[in-house]
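In: Quick one: sequence plus predicted model below, questions after.
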Amino acid sequence: MDENPFFTTVEELAERKSGGIMNQTVPRCHLHYNSPGASGFGVKRTGSLLPEAIMLMVSPACCGRHGTIAGKAAGFADRMCYMHMDDVDVVTGRYLERIKDAAEDICRSVKPRPKALMICTSCVDTLLGTDLESICREIERSCGIPVVPARMDPITREGKKPPMASIQQSLYHCLRRSSTREDAVNLLGNFVPIDDDCELADILKQAGIYHMNQISACKTFEEYMKMGEARMNLVLTPLALAAAEDLKQRLGIPFHRVEHCYEINSIKFQYKLLSEALDFDCNDSEYHDEALEAIKLFESRHKGMRFAVGQTINGNPFELSSMLIRHGMRVPFIFCHMINDEDRRYIRELRELSPQTRVYSSVYPGMLGYGGVMTGADAALGLDAGYYFADALCISWNEERYAFGYRGLISLLGQIEAGILNPKSHREQMHGSYLVI
């Protein structure tokens, strides 16, 4: 094992015009994992957010196998069906004729009858160029329910529409535009419902908006279909931009990007942009002052504390690292295996704040040998970062509620503070989280 694992500095990363962390050292290694932000959401679990629907996974057995494990752990196993293919199927394409039969069998046998079907294929069909949309239209005519095309194809991870962006677009495939409710907006991009104490709902009420629809909170297919009536889509993560563009083109629903930030001035700026998009006067002073008091108190107690920040957190690791450094903390380590356009702005900011911060990629093969042996961090944010630091406080920060805005910042600081005061209980909690994932 090398004395030091491979890394690049923030300064070096900022100077690159394109490419990610590993491309110069391992140019053919494209083994990227989905960054869930909430307890292991991948294509299958994200697809299960479509209420009262069944997903039929059409793939070799190996592609579906991990879905059964994840489904049992996360509670969506009864929403999954599998149609496996063998080598002869792949060579001859004969399995394509069985998809319609499998879908019809699901509609006959599953009780209660599903309100929609999602047909999900793997890299095999991406490579073969399967016309999945035509197959879905044929099944839709036969079964009489909406049929949604979806793909779990990690080979497109570095393309224009990676799997997690594609599945988000598939989620809203069934929506139709019948009327417009001026008092309703949709939230796109959050895998779990937004925190109940988040101020966003109260701020939207200032614009006369009293209904904040989110697919992760829809219990029935009928609730989900009401999302087609929204006045606007608010896009919380870049993964949902393709879905927002599709809904704008198909249904005429405009969208506005609301970035998920932890730096207090950035949060305020996002609300300013939102007020301009919805044409209302935003009064967020109460929430701003509450968050400002919390960050000042945290800074006074923990200035100089060293953090390792991972990518599995609810947020952007570069933006969160920038916030911590601006308030007197140190971030010597960041773990991130994919770089997108929004990341680059935060990376440029970090170059001015902490140019020698080391950025590691957990998919680098040699990183496997460094679990629990790295030093130099007092706290790790994210299970991926926590894996490497046995002696550091580990805060997963990817709960089944979506922390956002000023209250999201306050909640994060509260979790770190609680972990500092009672590290044993947090260590036990993190151990349980590893077992679940």
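Out: Received it, and whenever you're ready, just let me know what you need.
In: all strands for this structure, in order.
Out: Here the chain has its strands, by DSSP state E, at 8-9, 53-59, 80-84, 116-121, 147-151, 181-188, 211-214, 230-235, 255-257, 306-309, 330-335, 358-360, 379-381, 393-395.
In: Which of the ones you listed has the highest mean neighbour count?
Out: Neighbour counts (mean count of other C-beta atoms under 10 Å) averaged over each of the strands of the chain peak at strand 379-381, with a mean of 29. Where you see a C-beta, it was placed from the backbone N, CA and C, and this is true even at glycine.
In: mean confidence for that strand?
Out: On average, the pLDDT along strand 379-381 is 96.
In: Quick one: low-confidence residue ranges for the stretch 51-200 of the chain.
Out: Scanning the stretch 51-200 of the chain for pLDDT under 70 picks out 66-67.
In: Quick one: the helices in it, in order.
Out: Using DSSP state H, counting those that start in this stretch, the helices of the stretch 51-200 of the chain run over 61-74, 87-92, 96-109, 123-128, 132-143, 163-171, 200-205.
In: the inter-axis angle of the first one versus strand 80-84?
Out: Our comparison of helix 61-74 with strand 80-84, counting by axes from the mean of the first three to the mean of the last three C-alpha atoms, to 10 degrees, yields an angle of 170 degrees.
In: List the buried residues in helix 61-74.
Out: 63-64, 67, 70-71, 74 (16 or more other C-beta atoms under 10 Å).
In: okay, now Cys123: neighbour count?
Out: Residues near Cys123, counting by other C-beta atoms under 10 Å, number 17.
In: Help me confirm that it comes into contact with Thr130.
Out: No - with contact defined as C-beta atoms under 8 Å, Cys123 does not count as touching Thr130 (11.1 Å).
In: For beta bridges, what are the partners of Leu56?
Out: Leu56 has these beta-bridge partners by DSSP bridges: Cys81, Ile119.
In: where does the stretch 251-400 of the chain have low pLDDT?
Out: For the stretch 251-400 of the chain, no stretch is flagged by pLDDT under 70.
In: all helices of it, in order?
Out: Under DSSP H, counting those that start in this stretch, the stretch 251-400 of the chain gives helices at 264-278, 285-302, 317-326, 341-353, 383-386.
In: for the longest one, packing partners?
Out: Here helix 285-302 touches helix 264-278, helix 405-421, going by 3 or more C-beta pairs under 8 Å, 6 or more residues apart in numbering; DSSP states H and E.
In: re the thing from before, for the strands of the chain, give me TSV that also has distance to Pro162.
Out: Shown next, in TSV, are the strands of the chain (distance: least, C-beta to C-beta, whole Å):
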stretch	distance to Pro162
strand 8-9	22
strand 53-59	18
strand 80-84	22
strand 116-121	15
strand 147-151	10
strand 181-188	16
strand 211-214	22
strand 230-235	16
strand 255-257	18
strand 306-309	22
strand 330-335	19
strand 358-360	20
strand 379-381	24
strand 393-395	27
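In: Out of those strands, which gets nearest to Ala244?
Out: strand 255-257 (3.8 Å; C-beta to C-beta).
In: Just checking: what are the partner strands of the closest one?
Out: strand 230-235 (parallel).
In: Just want the angle from the partner strand to strand 181-188.
Out: Put simply, strand 230-235 runs at 20 degrees to strand 181-188, going by the same axes, to 10 degrees.
In: Run through who's touching stretch 232-247.
Out: Residues outside stretch 232-247 that contact it (C-beta atoms under 8 Å, 6 or more residues apart in numbering): 37, 161-162, 164-166, 168-169, 171-172, 175, 185-190, 248, 253-258, 260, 274, 277-278, 340-342, 402, 404.
In: no wait, stretch 154-161
Out: Applying C-beta under 8 Å, 6+ apart, the external contacts of stretch 154-161 come out as 30, 32, 123, 126-127, 162-163, 166, 169, 242, 338.
In: Now restrict these to buried residues only.
Out: Buried members of these, counted by 16+ other C-beta under 10 Å: 32, 123, 126, 162-163, 166, 169, 242, 338.
In: now, which of these sits nearest Leu381?
Out: Met338 (17.4 Å).
In: ok, the closest one to Cys261 distance?
Out: According to C-beta to C-beta, to the nearest Å, Met338 and Cys261 sit 19 Å apart.
In: Please apply the same query to Asn190.
Out: For Asn190 relative to Cys261 (C-beta to C-beta), the value is 14 Å.
In: What of Val58?
Out: Counting by C-beta to C-beta, the gap from Val58 to Cys261 is 39 Å.
In: how deep is Tyr271 tucked in, by neighbour count?
Out: Other residues close to Tyr271 by other C-beta under 10 Å number 20.
In: my read: it touches Asp284, true?
Out: Yes - counting by C-beta under 8 Å, Asp284 is a contact partner of Tyr271 at 5.1 Å.
In: Quickly list what's touching both of the two.
Out: Counting by C-beta under 8 Å, 6+ apart, the residues touching both Tyr271 and Asp284 are Ile203.
In: check contacts around His260.
Out: Per C-beta under 8 Å, 6+ apart, neighbours of His260: 236-237, 314-316, 404, 408.
In: nope, Ser166 is what I was after
Out: Residues counted as contacts of Ser166 (C-beta under 8 Å, 6+ apart) are 150-151, 153, 156, 242.
In: Would you mind measuring from it to Asn190?
Out: 17 Å.
In: before we move on, the earlier item: which of the contacts of His260 tops the neighbour count?
Out: Within those, Asn314 tops the neighbour count with 28 neighbours, counted by other C-beta under 10 Å.
In: From His211, how far off is that one?
Out: Separation of Asn314 from His211 (C-beta to C-beta): 24 Å.
In: Go through the buried ones among the contacts of stretch 154-161 and name the one nearest Arg141.
Out: Gln169 (22.3 Å).
In: Go ahead and name everything in contact with stretch 77-85.
Out: Under C-beta under 8 Å, 6+ apart, the answer for stretch 77-85 is 44, 48, 53-61, 64, 67-68, 71, 95, 98-99, 102, 106, 124.
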